[in-house]
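Enquirer: the sequence isn't on hand, but the structure is:
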């Protein structure tokens, strides 16, 4: 068993991947701030799947969106808020401009900043965990 197979490191990696995916959605919201009828989306943590040793790892669903439907199995679909274990969490804002766009740039930038700081914290925990393991086996 290698160091990287430990459950705590796997959970930290999953959390970093979740933050990366959320950052991509938030950036998409900002990029489409002027597009008519664009609905902002966010990646919300929902439920949790039990990992090894009784620990939990985050799972996620895309919240918001434009309600696209898959009419053929070959179409690429988006995860929706009405899937299993989904909780339709609406963002705090309710502003919709006359063009139908619901993106509030201030909110999106605040979310992006919070997401970035959370990612940095998880990355720091991951690095510190690896350092502690190296010390424990005398590799440092």
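Expert: Everything's here; your move. Because the structure is a prediction, the values reported are computed rather than measured. Residues are numbered from 1 along each chain as shown.
Enquirer: what's the burial count for residue 41?
Expert: Using other C-beta atoms under 10 Å, residue 41 has 23 neighbouring residues. For glycine as for every other residue, the C-beta is placed from the backbone atoms N, C-alpha and C.
Enquirer: quick check: phi and psi at it.
Expert: Residue 41 adopts backbone torsions of phi -120, psi 160, taken as degrees, to the nearest 10.
Enquirer: quick check: it vs residue 29, distance?
Expert: Distance, residue 41 to residue 29, using C-beta to C-beta, to the nearest Å: 7 Å.
Enquirer: again, but for residue 123
Expert: Per C-beta to C-beta, residue 123 is found 23 Å from residue 29.
Enquirer: neighbour count: the two, which is higher?
Expert: It is residue 29, of residue 123 and residue 29, that has more neighbours when counted by other C-beta under 10 Å, with 25 against 15.
Enquirer: ok, and the closest non-adjacent residue to that one?
Expert: Nearest residue to residue 29 in three dimensions, chain neighbours excluded: residue 40, at 4.3 Å (C-beta to C-beta, 6 or more residues apart in numbering).
Enquirer: repeat that for residue 15.
Expert: Nearest residue to residue 15 in three dimensions, chain neighbours excluded: residue 122, at 4.9 Å (C-beta to C-beta, 6+ apart).
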